[in-house]
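Engineer: quick one: sequence plus predicted model below, questions after.
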Amino acid sequence: MSDAIGRYFKAEHTSMMIIAIILITVGNAKSKKVAEAVAKHRTIAIFFGLALILIIVAILLMVKAVPGRSFFGVS
């Protein structure tokens with residue numbers, strides 16, 4: 001775990017993506033239980049938004065952790 005690049009891909013990236021998948025799954029399950037349309041869409045927006053933020057943070061941390069890697073190939 002002393003290697004920053006290895007730690008990022010083995011622990012940090014994997015755990016962030018699993019948490020994002022869990023957020024999307026929980027948001028989808030909670031939205032199916034709500035009868036009101038506005039509350040259903042609000043629940044989906046909150047959970048999917050949190051997952052999206054987590055995925056974006058993981059991408060930005062990848063660029064920071066690996067010096068040779070650029071953001072989506074743009075240097």
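Structural biologist: Alright, I've got the coordinates. Not measured: the values here are computed from a predicted model.

Engineer: C-alpha coordinates for stretch 11-25, PDB please?
Structural biologist: Extracted in PDB, the C-alpha atoms of stretch 11-25 (Å, rounded to 0.1, in the frame of the first residue of the first chain):
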ATOM      1  CA  ALA A  11      -8.400   0.000  -2.900                       C
ATOM      2  CA  GLU A  12      -9.700   3.500  -3.400                       C
ATOM      3  CA  HIS A  13     -11.100   3.200  -7.000                       C
ATOM      4  CA  THR A  14     -12.700  -0.100  -6.300                       C
ATOM      5  CA  SER A  15     -14.300   1.000  -3.100                       C
ATOM      6  CA  MET A  16     -15.700   4.200  -4.600                       C
ATOM      7  CA  MET A  17     -17.200   2.400  -7.500                       C
ATOM      8  CA  ILE A  18     -18.800  -0.200  -5.300                       C
ATOM      9  CA  ILE A  19     -20.300   2.600  -3.100                       C
ATOM     10  CA  ALA A  20     -21.600   4.300  -6.300                       C
ATOM     11  CA  ILE A  21     -23.300   1.000  -7.400                       C
ATOM     12  CA  ILE A  22     -24.800   0.600  -3.900                       C
ATOM     13  CA  LEU A  23     -26.100   4.200  -4.000                       C
ATOM     14  CA  ILE A  24     -27.800   3.600  -7.400                       C
ATOM     15  CA  THR A  25     -29.300   0.300  -6.300                       C
END
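
Engineer: for that stretch, buried residues please.
Structural biologist: H13, M16, A20, L23, I24 (16 or more other Cβ atoms under 10 Å). Quick note: C-beta positions are derived from backbone N, CA and C, even for glycine.

Engineer: likewise for stretch 50-62?
Structural biologist: Neighbour counts over stretch 50-62 (16+ other Cβ under 10 Å) mark L50, A51, L54, I55, A58, M62 as buried.

Engineer: buried set for the lowest-mean-pLDDT helix or strand in the chain?
Structural biologist: In the chain, the helix or strand scored least confidently by mean pLDDT, DSSP states H and E is helix 4-7, which has a mean of 74. Within helix 4-7, not a single residue qualifies as buried, counting by 16+ other Cβ under 10 Å.
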